[in-house]
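Undergrad: Got a sequence here, can you build the structure:
(4 chains)
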Number of protein chains: 2
Amino acid sequence: MPEPAPAPASAPASAPDPATPEPAGAPGTPGERKPRKDAVRNRVAALAAADTLFAASRSPEDVTMSDIAAEAGVGKGTLFRAFGDRTGLIRALYGTRLAPLMEAVEHGPPPLGPATPPLERVPALLDALLCFKFDNRHLALALEGTGADSPYRTEHYDRWHAMLRDLLLRTPAAAGSDFTAHALLAATRADLVEHLAGEKHTSRDELRSQLADFTGRLLGTGSHPGTAPRE
Amino acid sequence: MPEPAPAPASAPASAPDPATPEPAGAPGTPGERKPRKDAVRNRVAALAAADTLFAASRSPEDVTMSDIAAEAGVGKGTLFRAFGDRTGLIRALYGTRLAPLMEAVEHGPPPLGPATPPLERVPALLDALLCFKFDNRHLALALEGTGADSPYRTEHYDRWHAMLRDLLLRTPAAAGSDFTAHALLAATRADLVEHLAGEKHTSRDELRSQLADFTGRLLGTGSHPGTAPRE
DNA sequence: GTACGATACGGACCAGCGGTCCGCTTCGAT
DNA sequence: ATCGAAGCGGACCGCTGGTCCGTATCGTAC
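TA: You can find the predicted model right below:
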């Protein structure tokens, strides 16, 4: 079993990478003006501050925009200019953190990359996603708590869903792939992870093994009597 | 297949039943004082008003406490006196609506009642729950959107989870029942239902059949080749 | 029917949130 | 060195959930 994430747990990281300044377009698009240096610096500072505060807070809801602005050493207006609104900031932050995983999934080597056969890739993807959600609970929680049906309004969700659905279609149990994909993703919802990890003190590896067992049973894999991980 | 709910869809109901006045205790508890008549009346009015407004609103978030108070014809203070806070009101409302189903599940006849064998009861419970969430999306959405990991802080969730877990334990695929129960419940999350029903225009029966298929596959039931519902 | 304590009412009120605005500063191309 | 434009930041706004307390209503004892 691979180790998709060594468990950074909560590392705010001094500088969350230069972060593509959102409206950048492909290099060569002439209509795009490159953002000013201080704008980029502030943007990065804001993301780092937000990450820190979310990680430190008990609930994402009690991190206010003013808090973030203060922590980042910028004005509140700057935050809203850079990200539009609170949701925009959280999305940007989440996206930044998720980027490496997305890269590994879309262009990397097996078992996450596209070259992996479906029956192997589906569990790998879910495991990786679970690890990410576990290690970045504070962010995922913040993101999923932004609006009404917030999780499903994310661009990322559609990507994951489409990928899973397509993979499932190339699988013995292809019927109902669309819903199945949704259901599998629902099993990695941030608040569920938080509930199990935080409230009921389930360890990271227990969680992974349980999810693996679950997907295995769905796919027809994994139910090897004898190898079955104990409850 | 049973019809656990004929699809009231959104019926505010002129009077959502006398609603047990919360602090009632068993009749005979002497320390409990019975609430005043007007208090009960207002409580009912508030629940009805809230139901109406949530049903009418596009998102639960834009129904304010003042709105509810106005609709119910009472003062805002009364609302908070009766329910503590916004979450309390929503929980009370949700509980009221859910009560009949809970009754049918805990003391009713098969296929929902306790006399049903596990392999048959699990799908029945999930189907009933899905129907409830579908028909009361506005409420479920409001409830699940109240706090950080709100769905898991409900007393009802624990009941459902415990029931499902115990049933699964008496099933061939007993391993990991705890997580499996969580995962199955996650597949009926209100915002997922709303996403599929509202955004992607999935019909009630499609949803039911998809969920049934999903649980069937998990339980080893239902995968009868030939009977498999098409995608 | 009346009197009276307890209970509930209700809307003015408050603190704190996300979000806006605009005079002033800073950047960077010329 | 100059100057237009881009960015800054914190005072400010509307609105929300939640509190408070003088007043009206209930239910009981007589």
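
Undergrad: Tell me the residues of chain A that contact DNA strand D?
TA: Listed as neighbours of DNA strand D in chain A under the rule Cβ under 7 Å from any atom of the strand: A:33, A:35-36, A:38-39, A:41-42, A:73-78, A:81-82. Backbone N, C-alpha and C define where each C-beta goes, glycine included.

Undergrad: out of those, which are buried?
TA: Buried by 16 or more other Cβ atoms under 10 Å in any protein chain shown: A:N42, A:V74, A:T78, A:A82, out of the residues of chain A next to DNA strand D.

Undergrad: so where is chain A shaky, pLDDT-wise?
TA: A:1-33, A:222-231 (pLDDT under 70).

Undergrad: any idea what the spatially most central residue of chain A is structurally, helix, strand or coil?
TA: Chain A has A:L98 as the residue nearest its centroid, 5.0 Å off, counting by Cα atoms, centre = their mean. Classification of A:L98 by DSSP: H, G, I helix; E, B strand; the rest coil places it in helix.

Undergrad: ok so, going back, looking at the residues of chain A next to DNA strand D, which are in helices?
TA: Among these, the ones falling in helices (DSSP state H) are A:D38, A:A39, A:R41, A:N42, A:K76, A:G77, A:T78, A:R81, A:A82.

Undergrad: ok, back up a step: next, find the distance separating the residue nearest to the centre of chain A from chain B.
TA: Plainly put, A:L98 is 20 Å away from chain B if you go by Cβ to the nearest Cβ, to the nearest Å.

Undergrad: Now for the residues of chain A next to DNA strand D: which two are most distant?
TA: A:R33 and A:G73 (25.3 Å; Cβ to Cβ).

Undergrad: what's the first-to-last distance across stretch A:165-184?
TA: End-to-end distance of stretch A:165-184 (Cα to Cα, to the nearest Å): 10 Å.

Undergrad: can you list the residues that contact it?
TA: Stretch A:165-184 is contacted by residues A:118-119, A:121-122, A:125-126, A:161, A:164, A:215, A:218-220, B:183, B:186-187, B:192, B:196, B:207, B:210-211, B:213-214, B:217, B:223, B:228-231 when judged by Cβ atoms under 8 Å, 6 or more residues apart in numbering or on different chains.

Undergrad: Any of those residues buried? List them.
TA: A:118-119, A:121-122, A:125-126, A:161, A:164, A:215, A:218-219, B:183, B:186-187, B:192, B:196, B:207, B:210-211, B:213-214, B:217, B:223, B:228.

Undergrad: where do the helices sit along chain A?
TA: Using DSSP H, the helices of chain A run over residues A:37-56, A:65-72, A:76-83, A:86-107, A:118-135, A:137-144, A:155-169, A:177-186, A:190-194, A:204-219.

Undergrad: Just name the most buried of these.
TA: helix A:137-144 (a mean of 25; mean count of other Cβ atoms under 10 Å in any protein chain shown).

Undergrad: so does that helix get close to chain B?
TA: Yes: on the criterion Cβ under 8 Å from any Cβ of the partner chain, helix A:137-144 is in touch with chain B at A:L141.

Undergrad: Please say whether there is contact between that helix and DNA strand C.
TA: No: using Cβ under 7 Å from any atom of the strand, helix A:137-144 stays clear of DNA strand C, with a minimum separation of 10.3 Å.
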